[in-house]
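**Q** quick one: sequence plus predicted model below, questions after.
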Amino acid sequence: MRYQQAQEELQVNQKLFDKVRRRVELGDLPRADQLLAETELLQKKSLLIQAEAELMHARKRYTTITQSTKVPSQYQESLSTLREVPDNHPFLLALNSQIDRKTR
């Protein structure tokens, strides 16, 4: 989502920059306006690169966790019906064991 949004924003800013540059060439706008448009364009390029890096990291994490590079086209995650951690949960048992050892 962020990557697509960054791509769209870059495209819009590229069009804006092209129009501003053309109007500067024609003498309708001062060069300062072109510099402002160019600054905004460079910021959008930077955001796109950052979003692309985040996407690559997410894919890497997915591959590490699932041991697969194939991403399902549709997926549904159902929420657990549990509302509290059961007393026999391994992590809870380990924590209680640590507490017991320290209080003795």
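**A** Nice, I can see it.

**Q** ok, longest helix in the protein?
**A** Ranked by residue count under DSSP state H, the longest helix found in the chain is helix 31-66.

**Q** pLDDT of that helix, averaged?
**A** Helix 31-66 comes out with an average pLDDT of 96.

**Q** so which bits of it are buried?
**A** Residues of helix 31-66 classed as buried: 34, 37, 41, 44, 47-48, 51 (neighbour count, 16 or more other C-beta atoms under 10 Å). For the C-beta atoms, the positions are set from N, CA and C on the backbone; glycine is no exception.

**Q** in JSON lines: those, plus distance to residue 81.
**A** Shown next, in JSON lines, are the buried residues of helix 31-66 (distance: C-beta to C-beta, whole Å):
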{"residue": "34", "distance to residue 81": "60"}
{"residue": "37", "distance to residue 81": "54"}
{"residue": "41", "distance to residue 81": "50"}
{"residue": "44", "distance to residue 81": "44"}
{"residue": "47", "distance to residue 81": "40"}
{"residue": "48", "distance to residue 81": "41"}
{"residue": "51", "distance to residue 81": "36"}
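
**Q** quick check, nearest of those to residue 5?
**A** residue 51 (7.7 Å; C-beta to C-beta).

**Q** so how far is the helix or strand that the longest helix of the chain is followed by off the chain centroid?
**A** Sequence-wise, the next helix or strand downstream of helix 31-66 (DSSP states H and E) is helix 90-103. In this view, helix 90-103 has its centroid 37 Å away from the chain centroid, taken as C-alpha atoms, centre = their mean, to the nearest Å.

**Q** cool, and stretch 74-87?
**A** With C-alpha atoms, centre = their mean, you get 25 Å for stretch 74-87.

**Q** show the average pLDDT along it.
**A** Taken as a whole, stretch 74-87 has an average pLDDT of 86.
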